[in-house]
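**Q** Kindly generate the corresponding structure for this input.
(2 chains)
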Amino acid sequence: MLLKGMRDGIPIGLGYFAVAFSLGITAKAIGLGPITCMITSVLCHASAGEYAVYSMIGANATYVEMAIMIFIANARYLLMSCAMSQRMHPDLSFGHRLAMGFGITDELFAISIARPGMLNPNYMYGGMIVAIPMWAAGSAIGCFSGGIMPERIVSALSVALFGMFLAIIIPPAREEKIIGILIIVCFAASYLLTAFSDKLGMDAGTRTIILTVAISVAAALLFPRKEADE
Amino acid sequence: MNHSIFIYILIAALVSLLIRALPTTILRRQITNRFVRSFLYYVPYVTLSVMTFPAITEATKNPAAGYLALIVGIIVAWFRKNLFETAVVCCLAVLIVEFIF
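**A** Residues are numbered from 1 along each chain as shown, chains lettered A, B, ... in the order given. Prediction:
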């Protein structure tokens, strides 16, 4: 099972390498070194989450703002973790539960939960030991080489992360009209608040927190989900 | 005020771990509150949307390249290309635009 997980982790790891490379460039832009970048990547291993870490450091945010922002940026993992908890054998030890929780990313969650029956810890560990080091290596190499690469290439690679975000949010919009409408509302609100943020003295992190909480609460109140939807 | 990079990363790592591992270790039954469930369901889409735009147009040297990457990325993702493919296409769009202009 470990080997099967490792095999399925390879394509994920390749994708991670490229996206983490673009994260490394972001980290370099705010003055972090490759080693710091690699440590952050092993500990946090999340695209949106790490992007949030770097933008908060760049904005010289307070520690509380950092904690709130990481919570918001990674809130989807809370949902995935809840979903995984329902598929764990009742006798599964605390250690396994902790390690599997630590391993949650969009892709590792997806391949693990897609398998039938109770979750197999070894399968998930196989995916983790391949994908997470590639993620960390990508970010360190991106951070290291970001400065010596031609400006054009850096500019192009810096959108890889956003491309990955789009690949997560757009496909569900096809299935559910409400998600599509929500994305359009978010884009518009984010654009407006960004345009006025200089006047309001608001940084990017605070903006993301405010918009996420406000829009998600509104959506949950206006369009509560039925049990059958999930 | 100056903040320590070490403490920043420690906080980020701890919060990330708590979010991921608290439910798997503690939660042994289904969440039933409809509002909480709905809120948790919408959060990922909202947060990724607001982080993507307009930031994608500010990441590139030429904002037009960022806009093109956004449009191309949406089209490619719509046809259910995976994360890696979508990311590559967005990069290529920027590369081509900035090469021409």
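
**Q** What residue spans form the domains of chain A?
**A** Taking automatic domain parsing as the domain assignment, the ranges for chain A are A:2-170, A:176-230.

**Q** Nearest to residue B:96, out of the ones you listed?
**A** Closest approach to residue B:96 among the domains of chain A (CB to CB): domain A:2-170, 8.8 Å. Every C-beta, even on glycine, is put in place using the N, C-alpha and C of the backbone.

**Q** so where's chain A uncertain?
**A** Chain A contains residues with pLDDT under 70 at A:114, A:147, A:205, A:227-230.

**Q** For residue B:80, give me its contacts.
**A** Under the criterion of CB atoms under 8 Å, 6 or more residues apart in numbering or on different chains, the neighbours of residue B:80 are A:171, A:174.

**Q** Figure out how far stretch A:66-79 is from the centre of its chain.
**A** 9 Å (CA atoms, centre = their mean, to the nearest Å).

**Q** Which residues in it does the neighbour count mark as buried?
**A** Neighbour-count burial for stretch A:66-79, with 16 or more other CB atoms under 10 Å in any protein chain shown as criterion, is recorded at A:66-79.

**Q** So in chain A, which helix runs the longest?
**A** helix A:2-29 (DSSP state H).

**Q** residues of it that come out buried?
**A** Using 16+ other CB under 10 Å as the test for burial, helix A:2-29 gives A:5-6, A:8-9, A:12-13, A:15-29.

**Q** that older thread, out of the buried residues of stretch A:66-79, which comes closest to residue A:121?
**A** Closest to residue A:121, out of all of those and judged by CB to CB, is residue A:77, at 17.6 Å.

**Q** I'd like the secondary structure assignment at the closest residue to residue A:151 other than its chain neighbours, please.
**A** Nearest residue to residue A:151, sequence neighbours excluded (CB to CB, 6 or more residues apart in numbering or on different chains): residue B:61, at 6.7 Å. Counting by DSSP: H, G, I helix; E, B strand; the rest coil, the backbone at residue B:61 sits in coil.

**Q** related to what we said a few turns ago, distance to chain B and secondary structure for the buried residues of stretch A:66-79 - can I get that in a markdown table?
**A** Shown next, in a markdown table, are the buried residues of stretch A:66-79 (distance: CB to the nearest CB, whole Å; DSSP: H, G, I helix; E, B strand; the rest coil):
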| residue | distance to chain B | secondary structure |
| --- | --- | --- |
| A:66 | 5 | helix |
| A:67 | 5 | helix |
| A:68 | 9 | helix |
| A:69 | 9 | helix |
| A:70 | 4 | helix |
| A:71 | 6 | helix |
| A:72 | 6 | helix |
| A:73 | 6 | helix |
| A:74 | 5 | coil |
| A:75 | 4 | helix |
| A:76 | 3 | helix |
| A:77 | 5 | helix |
| A:78 | 5 | helix |
| A:79 | 4 | helix |
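
**Q** For the residues you listed, which two are the farthest from each other?
**A** A:66 and A:79 (21.4 Å).

**Q** still on that earlier bit, so which elements touch the longest helix of chain A?
**A** Secondary-structure packing of helix A:2-29 (3 or more CB pairs under 8 Å, 6 or more residues apart in numbering or on different chains; DSSP states H and E): helix A:34-44, helix A:47-58, helix A:106-113, helix A:121-145, helix A:151-157, helix A:160-175, helix B:83-100.

**Q** Nearest to residue B:47, out of these?
**A** Of all these, helix A:47-58 comes closest under CB to CB, at 6.8 Å.

**Q** List of residues touching that closest one?
**A** A:19-20, A:23, A:26-27, A:29-30, A:32, A:40-41, A:44, A:65-66, A:69-70, A:72-74, A:106, A:139, A:161, A:164-165, A:204-205, A:208, B:3, B:5, B:8-9, B:12, B:16, B:47-48, B:51.

**Q** okay, it in CSV with CA atoms only?
**A** Coordinates of each C-alpha in helix A:47-58 appear next as CSV, following Å, rounded to 0.1, in the frame of the first residue of the first chain:
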residue,chain,number,x,y,z
SER,A,47,-0.1,26.6,-1.9
ALA,A,48,-2.6,29.2,-0.7
GLY,A,49,-1.4,28.9,2.9
GLU,A,50,2.3,29.5,2.1
TYR,A,51,1.5,32.3,-0.2
ALA,A,52,-0.4,33.8,2.8
VAL,A,53,2.6,33.2,5.0
TYR,A,54,4.9,35.1,2.6
SER,A,55,2.5,37.9,1.9
MET,A,56,1.9,38.4,5.7
ILE,A,57,5.7,38.5,6.3
GLY,A,58,6.0,40.9,3.4
